[in-house]
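1. turn this into a model:
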Amino acid sequence: MRGRSVVGVACALLVLLAALLTGCQSPSGAAEEDGRLGESGSGSASATASGRQVTPTRPAGYGAVFLGVDECSSFGTTSFTEVSCTSERAAARVVARHDGTVADGPLCPGTTDFVLHISEQSQTSDEDGDGAIPQGYACMRNLAPPHPGDPGGGGGPRTIVGDCVYSSGDGQVRETSCDGKGERKPQYKVTKAVDKRAKCPLSTALYVQLGGEKPVGCARPV
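-> Here you go, the predicted model:
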């Protein structure tokens, strides 16, 4: 998915962009929420991801909620579709599903690989029989590696302990892979999450805003 502000010794601001999935999925440093253009049909809802309008679809009979928790989606180069998790086409699983918008709703789990934003859409009939699919978002986890949302993975919608960042100029930093195989080398690593800056170790060189119950990330040089 997806930016996140940071304040540090050098007044750095974390802007987290999610990795745009290419083909099935491939993280690419900065994290950015992603989605795919879907097929038309019954039970569809429009979703916005990475600044694009996409339409996820699924066959009837996969549950009362479109892309509900533990349901899966497939991926092609231009589309995603809800499918059975036992299907050979299944590529990602919903680990959390919330109504409303990301800005107003709960955070996705820390190791979420990407987020799908589903906009409200009326239908003459749909899976739960109420004739509409409400606005919401699905937190997605790839069924197989790579997992950009893992600690040090270089992507995902959230910054968590174990992630690395680099300075992108103008007082900003962005996430990158800790293994140094990304386009940019890591400069700082988030080693601890605390509820206030005073609880960070003395070695802390950058304070990263993480959100959640422990919103301050303590980052040291690498």
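
2. quick one: low-confidence parts of the chain?
-> 1-64, 76-80, 121-132 (pLDDT under 70).

3. what about the helices in it?
-> Using DSSP state H, no helices are found in the chain.

4. pull the longest strand from the chain.
-> Longest among the strand segments of the chain by residue count, using DSSP state E, is strand 90-99.

5. what's that strand in contact with?
-> Residues from elsewhere that reach strand 90-99, judged by CB atoms under 8 Å, 6 or more residues apart in numbering: 24-25, 65, 67-75, 80, 83-85, 105-106, 108-109, 112-114, 134-144. Where you see a C-beta, it was placed from the backbone N, CA and C, and this is true even at glycine.

6. that one pairs with which strands, parallel or anti?
-> Applying DSSP bridges, strand 90-99 is found paired with strand 72-75 (antiparallel), strand 136-142 (antiparallel).

7. go through that strand and flag the buried ones.
-> Residues 90, 91, 92, 93, 94, 95, 96, 97, 98 are the ones in strand 90-99 that count as buried (16 or more other CB atoms under 10 Å).

8. can I get those in JSON lines including distance to residue 154?
-> Listed next are the buried residues of strand 90-99 as JSON lines, based on distance: CB to CB, whole Å:
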{"residue": "90", "distance to residue 154": "24"}
{"residue": "91", "distance to residue 154": "19"}
{"residue": "92", "distance to residue 154": "18"}
{"residue": "93", "distance to residue 154": "21"}
{"residue": "94", "distance to residue 154": "22"}
{"residue": "95", "distance to residue 154": "19"}
{"residue": "96", "distance to residue 154": "21"}
{"residue": "97", "distance to residue 154": "25"}
{"residue": "98", "distance to residue 154": "25"}
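
9. what's opposite the closest residue to residue 167 other than its chain neighbours in the beta bridge?
-> Among residues not flanking residue 167 along the chain, residue 173 sits closest, at 5.3 Å (CB to CB, 6 or more residues apart in numbering). Taking DSSP bridges as the rule, residue 173 bridges to residue 14, residue 167.
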